[in-house]
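Trainee: could you look at this predicted model? Sequence included:
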Amino acid sequence: MDYQQLAQNIKLWGQELGFQKVGICDVDLKEHEPELQRWIDAGYYGEMDWMARHGMMRARPDELLPGTIRVISARMDYLPPEAQFASNLKDPNTAYISRYALGRDYHKLIRNRLKQLGQKIENEVGKLGYRPFVDSAPILERPLAQKAGLGWTGKHSLILDKEAGSWFFLGELLIDIPLPVDTPSTNECGHCKACITSCPTQAIVDNEVVDARRCISYLTIEYDGVIPEEFRKAMGNRIYGCDDCQLVCPWNRHAELTQQFDFHRRESFQKSELLTLFNWDEATFLKSMEGSAIRRIGHLQWLRNLSIAIGNAPYSQDYINALEARLGLSEVLDEHLHWAIAQQTTQLPTESTQKQSRLIRIIEKGLPRDA
């Protein structure tokens, strides 16, 4: 078997299946085990208990699939057209949803493509031991991606590529044949700390180290409890995930738009007014989120996240009415509803401010003062 030629074919097949880049590496991640253990010992995983439960298996792919000696790492871009980065964040009455979640859930799509890639390899070499992974098992996908030459680990802990920035998904195909490996990527971040300084909740506690307990993505997606008050104002209108560390990254200026229509902004999010999304009943939420990664957080957590965003929005009696109408559904939700109502109430215009506003409007119109 000419494994050099096979490796070239695999990369070509990967591109034909919709991956923008494919790399190959061995399974030795021993150098990452100490830092993984430090991260676990610090409790940075929050309530994602599976992170600690699987321990060092995350750094040992051959324990996931015995016989594995190579990992094929693949990248698929997801940056959608009309991403509306700035406009959504600047409008406090509009919900901000992380770019990766605007379209269809990526897990099944990428896993199926990786499975097809495995089948193509098997057709070429005969019997093959392989298994695809897309966030579906304890595996250090980012160190593997860097080792396979797909990019380097940025200070925000995400993989960065000179051509694509960080707007892409990763998937892995574990195999048991001795393919030639690619050259690992070298770090190109230099002295830039834009991602660290821009994090709304200071969740990036060191280079390449994120404390999930402070991260808005973790708080809005993985965590279903009461969000600490210290983070609520900083969350702003971010109701599902956060892209701030990626938005400020200079390398993302070079990112290409996705070629996958499935990752385009879905119709439900063409207009993302907070009040409209908050007024969805559970049936509407489930219907609107069919095929979306957002569906798994459930309606109550959706309302919890939106209630914080509404609490951070400018005063509106419609907001207060909507918040009060949701009281009593759950204790966790009520905690956030009461906070949001209090935030809205503190903005209630007093009689003096109403007179001042009327005076300003009159002056702006150039009308007499007694009009």
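Mentor: Arrived safely, thanks for sending. Numbering: from 1, shown residues only.
Trainee: how much space is there between residue 7 and residue 125?
Mentor: Residue 7 sits at a distance of 12 Å from residue 125 (criterion: Cβ to Cβ, to the nearest Å). All C-beta atoms are positioned from the backbone trio N, CA, C, and that covers glycine.
Trainee: next one: residue 321
Mentor: Here the criterion is Cβ to Cβ. By it, residue 321 lies 65 Å from residue 125.
Trainee: and those two? which has more neighbours close in?
Mentor: residue 125 (13 against 10; other Cβ atoms under 10 Å).
Trainee: so what's that one up against?
Mentor: Under the criterion of Cβ atoms under 8 Å, 6 or more residues apart in numbering, the neighbours of residue 125 are 1, 6, 177.
Trainee: kindly give a single PyMOL line that selects the buried subset of the residues you listed.
Mentor: Buried members of the contacts of residue 125 can be picked out in PyMOL with the line below, counting by 16 or more other Cβ atoms under 10 Å:
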select buried, resi 6+177
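Trainee: what's the lowest-pLDDT member of the contacts of residue 125?
Mentor: Summarising pLDDT for the contacts of residue 125: the lowest-scoring member is residue 1, with 84.
Trainee: where does pLDDT dip in this protein?
Mentor: 83-87, 349-371 (pLDDT under 70).
Trainee: beyond the longest helix along it, next helix or strand please.
Mentor: Among the elements of type helix in the chain, defined by DSSP state H, the one spanning the most residues is helix 106-125. Following helix 106-125 in sequence order, the next helix or strand is strand 130-133 (DSSP states H and E).
Trainee: so what strands line up beside that following strand?
Mentor: Here strand 130-133 has these sheet partners by DSSP bridges: strand 168-175 (antiparallel).
Trainee: check which residues of the helix or strand just after the strand it pairs with are buried.
Mentor: Beyond strand 168-175 in the direction of the C-terminus, DSSP H and E gives the next helix or strand as helix 194-198. Residues of helix 194-198 classed as buried under the neighbour-count rule (16+ other Cβ under 10 Å) are 194, 195, 196.
Trainee: residues contacting the last one?
Mentor: Going by Cβ under 8 Å, 6+ apart, residue 196 touches 155, 156, 204, 207, 245.
Trainee: derive a PyMOL selection command for the buried subset of those residues.
Mentor: Restricted to buried positions by 16+ other Cβ under 10 Å, the PyMOL selection for these reads:
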select buried, resi 155+156+204+245
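Trainee: now the contacts of residue 196 in CSV, with secondary structure?
Mentor: Shown next, in CSV, are those (DSSP: H, G, I helix; E, B strand; the rest coil):
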residue, secondary structure
155, coil
156, coil
204, strand
207, coil
245, helix
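Trainee: farthest pair in the contacts of residue 196?
Mentor: Farthest apart among the contacts of residue 196 by Cβ to Cβ are 207 and 245. That separation is 12.6 Å.
Trainee: which parts of the stretch 1-150 of the chain are strands?
Mentor: Using DSSP state E, counting those that start in this stretch, the strands of the stretch 1-150 of the chain run over residues 21-25, 70-77, 96-97, 130-133.
Trainee: need the ones you listed in a markdown table with mean neighbour count and distance to residue 289, can you?
Mentor: Output for the strands of the stretch 1-150 of the chain, formatted as a markdown table (neighbours: other Cβ atoms under 10 Å; distance: least, Cβ to Cβ, whole Å):
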| stretch | mean neighbour count | distance to residue 289 |
| --- | --- | --- |
| strand 21-25 | 23 | 30 |
| strand 70-77 | 26 | 21 |
| strand 96-97 | 26 | 11 |
| strand 130-133 | 20 | 24 |
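Trainee: got TSV for those strands, with distance to residue 346 too?
Mentor: Putting these into TSV (distance: least, Cβ to Cβ, whole Å) gives the following:
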stretch	distance to residue 346
strand 21-25	50
strand 70-77	43
strand 96-97	23
strand 130-133	48
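Trainee: out of these, which gets nearest to residue 229?
Mentor: For the strands of the stretch 1-150 of the chain, proximity to residue 229 was assessed by Cβ to Cβ; strand 96-97 is nearest, at 20.1 Å.
Trainee: who touches the closest one?
Mentor: Applying Cβ under 8 Å, 6+ apart, the contact partners of strand 96-97 are 88, 89, 236, 237, 238, 239, 240, 241, 242, 269, 272, 294.
Trainee: let's see if you can find the most crowded of the residues you listed.
Mentor: Among the contacts of strand 96-97, residue 239 has the most neighbours (other Cβ under 10 Å), with 29 neighbours.
Trainee: shouldn't it be in contact with residue 305?
Mentor: Yes. In this structure, residue 239 sits in contact with residue 305. The criterion is Cβ atoms under 8 Å, and the distance is 4.2 Å.
Trainee: find residues that contact each of those two.
Mentor: Once Cβ under 8 Å, 6+ apart is applied, the residues that residue 239 and residue 305 both contact turn out to be residue 220.
Trainee: give me the number of residues near the closest residue to residue 59 other than its chain neighbours?
Mentor: Of all residues beyond its chain neighbours, the one nearest residue 59 is residue 29 (4.2 Å), with distances taken as Cβ to Cβ, 6 or more residues apart in numbering. Using other Cβ under 10 Å, residue 29 is surrounded by 20 other residues.
Trainee: which residues touch residue 29?
Mentor: With contacts defined as Cβ under 8 Å, 6+ apart, the neighbours of residue 29 are 59, 60, 61, 140, 143, 144, 147.
Trainee: could you report the neighbour count for the fourth one?
Mentor: Read that as residue 140. Here the number of neighbours of residue 140 (other Cβ under 10 Å) works out to 20.
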